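# mind folding the following:
(one chain, ligands or ions: 1)
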Amino acid sequence: MALALGCVIAMCLRAVIAGGSLAADGASTIKLPKETAALRPSELFGYKIAREKCGICHSADYINLQPPGMTLAQWTAEMVKMQHAYGAPLDEEEIKQLSIYLTSAYADATTIPPPSAAPPATDAPSSPTTR
Ligand code: HEC
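Residues are numbered from 1 along each chain as shown. The predicted model follows:
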């Protein structure tokens, strides 16, 4: 056993000598990506929903790697796809809040409707939300 190990070490030494220090350095500095990619933080309610729901099936990389500048409509379609095609447990209100958050945090805030779309504060006068 010790002899076998000795041989392995000898081979390593030879490899290092042959390949120079470059190979050895390269091997010792491999860094794996952080295992849990984070969602971009936000004050928006959708951020909270995203943290609860989006990690069920995949990492935040899927979101982080989307092309920048996706519009509200595009993010909404994406959320509907998560719901319908993949079975993400999201209701309509959550899809709305998520899309606003994603659009805001990931690019094109200009497509977001004015602040009234935020979750009802205390006494929002008109909210015909029953469907
Ligand atoms: C029920 C499982 C599930 C949940 C929950 C889920 N996803 Fe996905 N998501 C998927 C699958 C499956 C894919 C496609 C994976 C592939 O193509 O390799 C995907 C892919 C994506 C992509 C990449 C683009 C695409 O359309 O393939 C984005 C962006 C995305 N999800 C965003 C989200 C967000 C935001 C949430 C949180 C609301 C979410 N997902 C929740 C299953 C889910």
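# gap between Ile30 and Leu65?
21 Å (Cβ to Cβ, to the nearest Å). From N, CA and C alone the C-beta is placed, and that goes for glycine too.
# neighbour-wise, which of the two wins?
The neighbour comparison of Ile30 against Leu65 (other Cβ atoms under 10 Å) goes to Leu65, with 9 against 6.
# would you mind measuring from that one to the ligand?
Counting by Cβ to the nearest ligand atom, to the nearest Å, the gap from Leu65 to the ligand is 7 Å.
# list the contacts of stretch 74-92.
49, 53-54, 56-57, 66, 70, 95-96, 98-99, 102-103, 106, 131 (Cβ atoms under 8 Å, 6 or more residues apart in numbering).
# that stretch spans what distance, first to last residue?
The stretch stretch 74-92 measures 15 Å between its terminal residues, going by Cα to Cα, to the nearest Å.
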